[in-house]
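1. let's see this in three dimensions:
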Amino acid sequence: MTEFWLISAPGDKTCQQTWDKMMAATTRTNNLSTNHKFNIPDLKVGTLDVLVGLSDELAKLDSFVESVVKKVAQYMADVLEDSRDKVQENLLANGVDLVTYITRFQWDMAKYPIKQSLKNISEIISKQVTQIDNDLKTRASAYNNLKGNLQNLERKNAGSLLTRSLADIVKKDDFVLDSEYLVTLLAVVPKTSYNDWQKTYETLAEMVVPRSTNLLFEDNDSGLFSVTLFRKAMDDFKHKARENKFTVRDFQYNEEEMKADKEEMTRLSTDKKKQFGPLVRWLKVNFSEAFIAWIHIKALRVFVESVLRYGLPVNFQAMLLQPTKKNMKKLREVLNDLYKHLDSSAAAIIDSAMDIPGLNLSQQEYYPYVYYKIDCNLLDFKV
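-> Numbers count the residues shown, from 1 in each chain. Next up, the predicted model:
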């Protein structure tokens, strides 16, 4: 279970008392959640007007940064391909796993100086994450093009004999080359029709060289046969072969072209290997940066919302709860009972929603206490 509830409640006589009460309600008798204090430094409050505007801006920024965090995580999974189980160990924040980072959160004073205004801090985060998003698009596009071109070439060298490249199957010796009159064709023959081919290929057209057929290659369904005949009988042979369910491949032996294809495949494969390491390193570093930025936004939102709701001077306790899955509904009820005195209208809505089955007003996620969810399930597959 990697869902956290980041909440805050006003300090009683002291913030410690607020913490103790919440701990007593959620852990002493019923073990509803694992809890941690969430440390938010003394940020600059500014004016009420700025806080109200900032509350909306931070909500949008929260969604944007979360989407970038998920994009980087998902792209990491795509790039690691066969090692998707290794994705989780590469998704770290400041060198530690995400749960450890969140539960031991410390504000990064160097990146986000608290002497700056709240608006400035949010703009620093916005610029930083926008840059990560733009860089990701550029890097992903370059790597995906390379990967796509390589896959197209690999696809050409695999699959059915009817469509696949024949360059790595045939040899120069299989063909009559540089002849004015003779030409070698390649026919794909179903395995069930080998006998028919051997009996009929010499009579499919005039001027077929007797005993000129050879089986060059087989896959699960078919065989590739060579056959030599006079050039002027070529069209007639192809037509008759088609009537007999033998497919003549449109192929001319060209050493230069085949060599160029092989070289291109080697080049793309080498380029992909060269880019892989630096790309994974970039993704690791920038996932960490984006995730750290995201949790700082959550901290900013808790601070702004707590000041707007609970007033000045700043006096609230931010708390991080990790609910146990089967007790989430019960935990909501306990928190509602504990804090309903803070906002009777919100508490009344929640009470009525609990009383009327099927009426799910809590979807708005407004509670008498400040609440934000942090969901660490960042990937759309189970690693």
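
2. when you work out contacts or count neighbours from here on, use the C-alpha atoms and nothing else.
-> Noted.

3. show me where the stretch 151-300 of the chain has its strands.
-> 182-190, 214-218, 222-230, 247-249 (DSSP state E, counting those that start in this stretch).

4. how about the second one, which residues are buried there?
-> Within strand 214-218, the residues that qualify as buried by neighbour count (16 or more other Cα atoms under 10 Å) are 215, 218.

5. so what touches it?
-> If you take Cα atoms under 8 Å, 6 or more residues apart in numbering as the criterion, strand 214-218 is touched by 169, 170, 223, 224, 225, 226, 227.

6. now swap in the third one and tell me
-> Counting contacts by Cα under 8 Å, 6+ apart, the residues outside strand 222-230 that touch it are 161, 174-176, 181-191, 207-209, 212-218.

7. just the buried ones from those residues?
-> Those of the contacts of strand 222-230 that meet the buried threshold are 161, 174-176, 182-190, 207-209, 213, 215, 218, by 16+ other Cα under 10 Å.

8. got any ranges where the protein has weak pLDDT?
-> 1, 82, 84, 346-364, 380-383 (pLDDT under 70).

9. can you check which helix is longest in it?
-> Determined from DSSP state H, the single longest helix within the chain is helix 255-310.

10. which other helices and strands contact it?
-> Packed against helix 255-310 by the contact rule (3 or more Cα pairs under 8 Å, 6 or more residues apart in numbering; DSSP states H and E) you find strand 3-10, helix 48-80, helix 118-156, strand 316-323, strand 370-375.

11. one more time with 6 Å
-> Applying 3 or more Cα pairs under 6 Å, 6 or more residues apart in numbering; DSSP states H and E, one finds that helix 255-310 makes contact with helix 48-80.

12. starting at the chain centroid, how far to the following helix or strand past the helix it packs on?
-> Going down the chain from helix 48-80, the next helix or strand is helix 87-90, by DSSP states H and E. Between the centre of helix 87-90 and the centre of its chain there are 12 Å (Cα atoms, centre = their mean, to the nearest Å).

13. buried residues, helix 87-90. List them.
-> Buried positions in helix 87-90, judged by neighbour count with 16+ other Cα under 10 Å: 87, 88, 90.

14. same question for stretch 57-76.
-> For stretch 57-76, the buried set under the neighbour-count rule, 16+ other Cα under 10 Å, comprises 58, 61-62, 64-76.

15. closest to residue 369 among the residues you listed?
-> Lowest distance from residue 369 to the buried residues of stretch 57-76 (Cα to Cα) belongs to residue 58, with 18.1 Å.

16. contacting residues around the closest one?
-> With contact set as Cα atoms under 6 Å, 6 or more residues apart in numbering, residue 58 has no partners.
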